[in-house]
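1. Here's my sequence, what's the structure:
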Amino acid sequence: MAFRSTRKWTGTIVGTGVLVLALSAAPSALAQSVEEIVEASLEAVGGRQALAAITSVRQVGGFVMSTDYGDIEGDTEVVIIPNQKIYQDLDSDFFQQTGAWNGAAGWQSDSMQGMTDVTGEQAAVLAAQTSLHPFEGFGDPAFGEYSKLDDAEVGGRPHHVVQIAAAGLTFDVYVDAETYLVSRIAFDTNVPQMGTVRITSDLEGYQEHGGVMLPTMNGLAIPGAFSIDTTYDTIEVNGEVDHNIFEKP
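-> So this is what the prediction gives:
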C-alpha cells in the first residue's frame with residue numbers, strides 16, 4: 001500500500017514458477033540504498049507496469065480473531081480500487097463490521113457502535129490500504145518521505161527496513177533481503193481508550209494474480225486489544241465492481 005498524505009488526499013489491505021521468475025529478477029547483491037530496495041521489491045511482485053494494469057482486486061476468505069475472551073471465527077471480503085478506494089467486511093456469529101474509504105472520506109458500521117465517520121489517523125491508515133504495494137508512490141512527495149533504517153530480522157530471516165513518513169504517520173516496511181517481498185508493515189497510532197499502540201501487519205503466502213504477486217495471508221496484531229489472522233482463498237482481479245459499496249449507506 002502506498003501512503004498518500006491527507007494534505008492531498010481508514011487487512012486490514014502476492015504459483016511456484018512465478019515466484020522463481022520474480023526472484024531471478026532481483027539483484028544478486030543485497031540492496032543498500034532506499035532506491036535499490038524499493039525498485040527490487042516492486043520488481044519482485046511483477047513490476048510497476050503490472051501493478052498499474054490492476055484495476056480492481058476482490059479478496060474473499062476467513063479470519064480468526066484472538067481476544068482475551070477466546071477466538072472468534074468469521075468470513076471476510078475486501079474490495080480494492082488501487083490507490084483510490086477500499087471496502088472491507090467482517091462477518092461472524094458475534095459481530096458484523098463494514099467499512100470503506102471512497103477516495104475522499106471513510107466510514108465504518110458495526111453491530112455494536114452503529115455507523116461512524118472515520119477520520120484522522122484511522123482514515124489515513126484506511127486510505128493507505130488502497131495500494132497493492134507500499135512502494136508504489138515512491139518518487140512522488142505526495143506519497144510521503146522514504147528513508148532506510150537498520151536491517152532487522154523477521155521470522156529468523158534478514159530484512160531491509162524502509163520507513164515511510166506520510167499522512168502524519170510513520171510506517172516501517174520490512175522487505176525480505178532474499179525475495180524482496182514485503183513481510184511486515186508496522187506503525188504507531190493512537191487508539192481510543194488505549195493511547196498510542198504499535199500495530200503490526202505480517203504478510204505471507206504470496207501468489208500470482210493478474211501478473212502481480214499478492215499476499216494471501218495477513219496477521220494483524222494490536223497489543224492489548226486483539227490479533228486477527230486472515231486467509232484469502234479467493235482472489236479476483238480486474239473484475240466489475242459496484243462502486244456504491246464504497247459510499248456511506
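
2. For stretch 200-209, list the C-alpha coordinates in CSV.
-> Only the C-alpha atoms of stretch 200-209 are listed here, as CSV (Å, rounded to 0.1, in the frame of the first residue of the first chain):
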residue,chain,number,x,y,z
THR,A,200,1.9,-4.8,13.1
SER,A,201,0.7,-6.4,9.9
ASP,A,202,2.5,-9.6,8.7
LEU,A,203,2.1,-10.6,5.1
GLU,A,204,2.6,-14.2,3.8
GLY,A,205,1.6,-16.7,1.2
TYR,A,206,2.3,-14.7,-1.9
GLN,A,207,0.6,-15.9,-5.1
GLU,A,208,0.4,-14.5,-8.6
HIS,A,209,-2.8,-12.9,-9.8
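
3. Identify each buried residue in that stretch, please.
-> Of the residues in stretch 200-209, 200-203, 206-209 count as buried by neighbour count, 16 or more other Cβ atoms under 10 Å. Yep, even glycine has a C-beta here, placed from its N, CA and C like the rest.

4. Adding pLDDT as columns, could you present these in TSV?
-> Shown next, in TSV, are the buried residues of stretch 200-209 (pLDDT from 0 to 100):
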residue	pLDDT
Thr200	96
Ser201	97
Asp202	98
Leu203	98
Tyr206	98
Gln207	98
Glu208	98
His209	98
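
5. who's the nearest residue to Ile199 once chain neighbours are set aside bridged to?
-> Nearest non-adjacent residue to Ile199, counting by Cβ to Cβ, 6 or more residues apart in numbering: Ile222, 5.5 Å away. Beta bridges link Ile222 to Phe226, judged by DSSP bridges.

6. Hmm, Pro192 and Ile222 touching each other?
-> No: using Cβ atoms under 8 Å, Ile222 makes no contact with Pro192, being 12.0 Å away.

7. Just want to know which of the two has more residues nearby.
-> Ile222 (15 against 6; other Cβ atoms under 10 Å).

8. Now do the same contact list for that one.
-> The contact partners of Ile222, by Cβ atoms under 8 Å, 6 or more residues apart in numbering, come to 191, 197, 199.

9. Most neighbours among those residues, which one?
-> For the contacts of Ile222, neighbours tallied by other Cβ under 10 Å; top is Ile199, 18 neighbours.

10. Isn't it up against Ala186?
-> Yes: using Cβ under 8 Å, Ile199 is in contact with Ala186, at 6.9 Å.
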